[in-house]
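[1] have a look; sequence and predicted model below, questions after that.
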Amino acid sequence: MFKKVLIASLAVVIGLAVVANTRVGSHARLWLRGIRSSMAKQVKPETEIRRLRMEVERLEQQDHAYFHKVAEQRIKVRDLEKQLAGDPAKNEKGTRTELLDLQARLKDLRALVADIKGSEKSGERKVSYNGTNFTLAEINDQISRDWERYKPLKGAVASQEAYLAAMKKSLAQNEEKLFNLKKARQEMLTRLQSLENELAELRQAKEGQAALLDDSNYSRVQKDIQDLSKRLEVEREALNLRGVVGKGPVEKADEARARQNQLEKEMEAELGGAPKAATTTTKN
């Protein structure tokens, strides 16, 4: 049973692939497009306006999920900022503050070491730091420990700051996008309202015309005539184009001269003789 299902599934997949990548698939897509276009033309404008209003409302409902995501981004940015800067109200240090404090202590301790280096019995000499006395050996030990903490902490802070900058940039883009989405929805609703007003005016105008005289058949025939005229114009232009393509400038000039001579002959036959030069008089 499983084998039959697998074979049937493979056949469907292969069939879809053949349809999608062959001339059959191309004709199928053209046919579906024609059906959609025909159905769209049959739908009344009033119905289409109601459908589009519903679609705008659906877009607004979808945007609620975007608002939720942006709110999460904002909270995440605030948490990252607290992680870096700390919370003074709770007497909590952030990683950036911890790094700066560690850097300041390293500088102070190294300055103490520089001051007492070279003196006699410097290893036994006591130095005061923050109100407490330490030996030079203890100070050097603290410097070594702080330096080992300083290097990875500096890398962590740099990574956190880069991530925070990227998060802020993404947040700003998403906030701008939310604003633009809301603006787009408002513009669509305004446009739909304008179309609805325009449709009402058209309906009233048609009702008024129908009360006087039903000339819809005339309009249809006139449109068919215009379409036929446009079709013949296109075919005539295509024929002219085929005659022009491939000819050089000398040939084109000869043809233009021949057309002009023929035009002169036709005017001469119709109007009688060559046109007289226009004379102008000047007043003294």
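    Everything's here; your move.
[2] sketch out the low-pLDDT regions of the stretch 51-200 of the chain for me.
    118-125 (pLDDT under 70).
[3] which residue ranges form the strands in it?
    Remark: strands assigned in the stretch 51-200 of the chain by DSSP state E, counting those that start in this stretch are 86-87, 92-93, 126-129, 132-135.
[4] export the ones you listed to TSV and tack on mean neighbour count?
    C-beta here means a position set from N, CA and C on the backbone, and glycine is covered the same way. As requested, these are exported to TSV (neighbours: other Cβ atoms under 10 Å):
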stretch	mean neighbour count
strand 86-87	14
strand 92-93	14
strand 126-129	13
strand 132-135	13
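[5] now those in CSV, with distance to Ala256?
    Output for those, formatted as CSV (distance: least, Cβ to Cβ, whole Å):
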stretch, distance to Ala256
strand 86-87, 85
strand 92-93, 88
strand 126-129, 101
strand 132-135, 105
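[6] quick one: closest of those strands to Gln160.
    strand 86-87 (12.5 Å; Cβ to Cβ).
[7] so what strands line up beside the closest one?
    strand 92-93 (antiparallel) (DSSP bridges).
[8] what does the partner strand contact?
    Defining contact as Cβ atoms under 8 Å, 6 or more residues apart in numbering, one finds that strand 92-93 is touched by Gly86, Asp101.
[9] distance from that strand to the middle of the chain?
    42 Å (Cα atoms, centre = their mean, to the nearest Å).
[10] what of stretch 158-174?
    How far stretch 158-174 lies from its chain's middle: 21 Å, per Cα atoms, centre = their mean.
[11] could you give me the buried positions within that stretch?
    Under the neighbour-count criterion of 16 or more other Cβ atoms under 10 Å, stretch 158-174 has Gln160, Leu164, Met167, Asn174 buried.
[12] list the residues that contact the first one.
    Just to be clear, that refers to Gln160. Counting by Cβ under 8 Å, 6+ apart, Gln160 has contacts Leu80, Gln83, Leu84, Thr95, Arg96.
[13] from Lys183, how far off is it?
    According to Cβ to Cβ, to the nearest Å, Gln160 stands 35 Å off from Lys183.
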